[in-house]
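Enquirer: Any chance you can model this:
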Amino acid sequence: AAARPLVQIFNGEGKETSQHALPAVLTAPIRSDVVQFVHTNINKNRRQAYAVSVKAGHQTSAESWGTGRAVARIPRVNGGGTHRAGQAAFGNMCRGGRMFAPTKTWRRWHRKVNVTQKRYAITSCIAATGVPALVMAKGHRIEGIPEVPLVVSDKVEEFKKTKEAVTLLRKAG
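Expert: Residues are numbered from 1 along each chain as shown. The predicted structure follows:
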């Protein structure tokens, strides 16, 4: 197995203390296609079902006039004394008619994604955070940082104040 590159570890004061081998996850292949596929399909699980009313476009009394009247055989609204009488109804080409293939709530809204694919996507994303060019392409200002990824010791977990964390980051770059 090839030796992994070393990464500097910074202490709580922002000084280099030691070196450690870069974790394997940061050298994993970056597969943007897998990340995009997983993201797209997992995001579909937030959707809520929508549909048009079952009655929409059919809430009128309309019957076809049949043949022999020199008009289309589409159903027409009954009655008289209003502009609506005699107008075509029901069809998807008619004003006030229903849509073509009315949407239903039982469409397949959610998607299952393989656990393996989800793990691969996460690994790819973590690996991408170790590539300075990709980090800068996202708009992050990392010119002052000594190296990417910036690794700090476990002592920072004992920080109680945000001020301490800000001071560490300022000293580290």
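Enquirer: residue boundaries of the helices in the protein?
Expert: If you assign secondary structure with DSSP state H, the helices in the chain sit at 32-43, 115-128, 132-137, 162-172.
Enquirer: and the third one, which residues are buried?
Expert: For helix 132-137, a neighbour-count test (16 or more other Cβ atoms under 10 Å) marks residue 135 as buried. For the C-beta atoms, the positions are set from N, CA and C on the backbone; glycine is no exception.
Enquirer: Residues contacting that helix, please?
Expert: 30, 128, 129, 142, 148 (Cβ atoms under 8 Å, 6 or more residues apart in numbering).
Enquirer: If we use 7 Å, what do you get?
Expert: Outside of helix 132-137, the residues that reach it under the criterion Cβ atoms under 7 Å, 6 or more residues apart in numbering are 128, 129, 142, 148.
Enquirer: now it: how far from the chain's centre is it?
Expert: On the basis of Cα atoms, centre = their mean, to the nearest Å, the separation between the geometric centre of helix 132-137 and that of its chain is 21 Å.
Enquirer: how about the CA coordinates for that helix, as PDB?
Expert: In PDB, the C-alpha atoms belonging to helix 132-137 read as follows (Å, rounded to 0.1, in the frame of the first residue of the first chain):
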ATOM      1  CA  PRO A 132      -7.900  23.400  -2.000                       C
ATOM      2  CA  ALA A 133      -9.000  24.200  -5.600                       C
ATOM      3  CA  LEU A 134     -12.500  22.700  -4.900                       C
ATOM      4  CA  VAL A 135     -12.800  24.500  -1.600                       C
ATOM      5  CA  MET A 136     -11.800  27.900  -3.200                       C
ATOM      6  CA  ALA A 137     -14.300  27.200  -6.100                       C
END
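Enquirer: sorry, back to before: among the contacts of helix 132-137, which two are most distant?
Expert: Between any two of the contacts of helix 132-137, the greatest separation by Cβ to Cβ is 13.4 Å, found for 128 and 142.
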